[in-house]
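**Student:** Need coordinates for the below:
(chains A and B)
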Amino acid sequence: MNLLPGFSQPIAQCQHTFRLILKALSEPGVRVSLTGAAGWDRLGSAATAVLLTLADGDTPVWLSPDLADSTAVDNLRFHTGAPLVGSLAGAAFAVFGQQISAAQLQELPCGTEVSPETGATVLLQIDHLDRGAPLYLTGPGIETRREIAPSLPAAVRDYLLARPRRFPLGIDFLLVCADGLLAVPRTTMVEEGQCTLR
Amino acid sequence: MFTQEQRQRWMAVLAASPPARLAALWQALELRAEYQLVRAPEIGLTQLQARMGATGRRFVMGDMTVTRAVIRLENGTYGYSYIAGRDKAHAELCALADGLMQQAAYQERLQRNLIEPLAALRREQQQMRGTEIAASRVDFFTLVRGDNA
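**Tutor:** Numbers count the residues shown, from 1 in each chain, chains lettered A, B, ... in the order given. Below is the predicted model:
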């Protein structure tokens, strides 16, 4: 067992991180920096900080096999007490690396008309937040439109462009890379660079 | 090196130790140990369960405050502590003592100068409390009534 430190000031840092996640979600596409936690092996510092802040005994977490080494699993259990689930359908948080398929996104809970908040949140750890093909975001929290260029796996890119589930159903995305976080909640419309209304 | 029972015993002694006494004994040892806080001391609640007369149905007696901490020594050994109350410094010191007690280099010295005095103090306090209670003990018995003889 290899336990690593979590937050050194749990309460203050959780509140600070929560505020930054809130900013990222309410202004989609804005990049915030989460530096409070050191990161657990393959999980970067932003992913670790988000899990330390949002995961607890009531939020089933699904960890992608390419991230779920024993360090990540042990530390997640130790610091958050979150139950780790084997099926995506039962997860409140799903943590993915670059390996993600359309079938997996399909399987995630996307809420119901009566309680859309039961839709899952995907924490997607990618290689770069600014070196992919450009995407344009519009919607609540964005004055005109905002450009982002994360290096998204194809499945996620297709999902965001198509949005197969009608609002208010859907999945919220938190994209992390090292200590950077940007969010694409289900309220945000995503368009590709080429076909824009310039 | 040590059995689980031994560790349970020293952790129990540490958990029940008076903070001032533990700190004083620790100071006297003059140990320098490098460590890292894996779980910074945190205060929370735990639910106390009990059984009426130790045999009845289980019920929740109430909540109590506990403080817990986990430290990691330089060589990778973890020290844990769970103590009653809200004294964070005490929890951290208990965790550190637990970590060092698992080291062969420190174990005997700590056992002699830290754990045993604390255990003796605890025994003494328990005996004193026992005597106090024994003095106030009332034995009830039923007098034999003449009519059922």
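**Student:** what's the following helix or strand after the one helix or strand A:Val156 maps to?
**Tutor:** Taking DSSP states H and E as the definition, A:Val156 sits inside helix A:154-162. Counting by DSSP H and E, the next helix or strand C-terminal to helix A:154-162 is strand A:172-177.
**Student:** other SSEs contacting whichever helix or strand comes after that following strand?
**Tutor:** Reading on from strand A:172-177 to the C-terminus, the next helix or strand found by DSSP H and E is strand A:180-184. Counting contacts by 3 or more C-beta pairs under 8 Å, 6 or more residues apart in numbering or on different chains; DSSP states H and E, strand A:180-184 is packed against helix A:10-26, strand A:32-33, helix A:45-54, strand A:172-177. (C-beta placed from N, C-alpha, C; glycine too.)
**Student:** What residue in chain B comes nearest to chain A?
**Tutor:** Residue of chain B nearest chain A, by C-beta to the nearest C-beta: B:Val38 (5.0 Å).
**Student:** low-confidence ranges in chain A?
**Tutor:** Scanning chain A for pLDDT under 70 picks out A:194-198.
**Student:** For chain B, which segments are assigned as strands?
**Tutor:** Counting by DSSP state E, chain B has strands at residues B:35-51, B:58-73, B:78-84.
**Student:** what's the most buried one of those?
**Tutor:** When the strands of chain B are scored by mean count of other C-beta atoms under 10 Å in any protein chain shown, the highest mean neighbour count falls to strand B:78-84 (a mean of 20).
**Student:** how big is the angle separating it from strand B:35-51?
**Tutor:** Put simply, strand B:78-84 runs at 40 degrees to strand B:35-51, going by axes from the mean of the first three to the mean of the last three C-alpha atoms, to 10 degrees.
**Student:** Next, the angle from strand B:78-84 to strand B:58-73.
**Tutor:** Angle, strand B:78-84 to strand B:58-73, by the same axes, to 10 degrees: 140 degrees.
**Student:** what number of residues lie near B:Met101?
**Tutor:** B:Met101 sits with 23 neighbouring residues when counted by other C-beta atoms under 10 Å in any protein chain shown.
**Student:** Which pLDDT does the model give it?
**Tutor:** Here, the pLDDT recorded for B:Met101 equals 94.
**Student:** Who are the contact partners of it?
**Tutor:** With contacts defined as C-beta atoms under 8 Å, 6 or more residues apart in numbering or on different chains, B:Met101 is in contact with B:Phe2, B:Arg7, B:Trp10, B:Gly79, B:Gln107, B:Leu110, B:Gln111, B:Ile115.
**Student:** Pull the number of nearby residues for the closest residue to the fourth one other than its chain neighbours.
**Tutor:** Which is B:Gly79. Excluding its sequence neighbours, the residue lying closest to B:Gly79 (C-beta to C-beta, 6 or more residues apart in numbering or on different chains) is B:Gly99, at 2.6 Å. Counted with other C-beta under 10 Å, the neighbours of B:Gly99 add up to 22.
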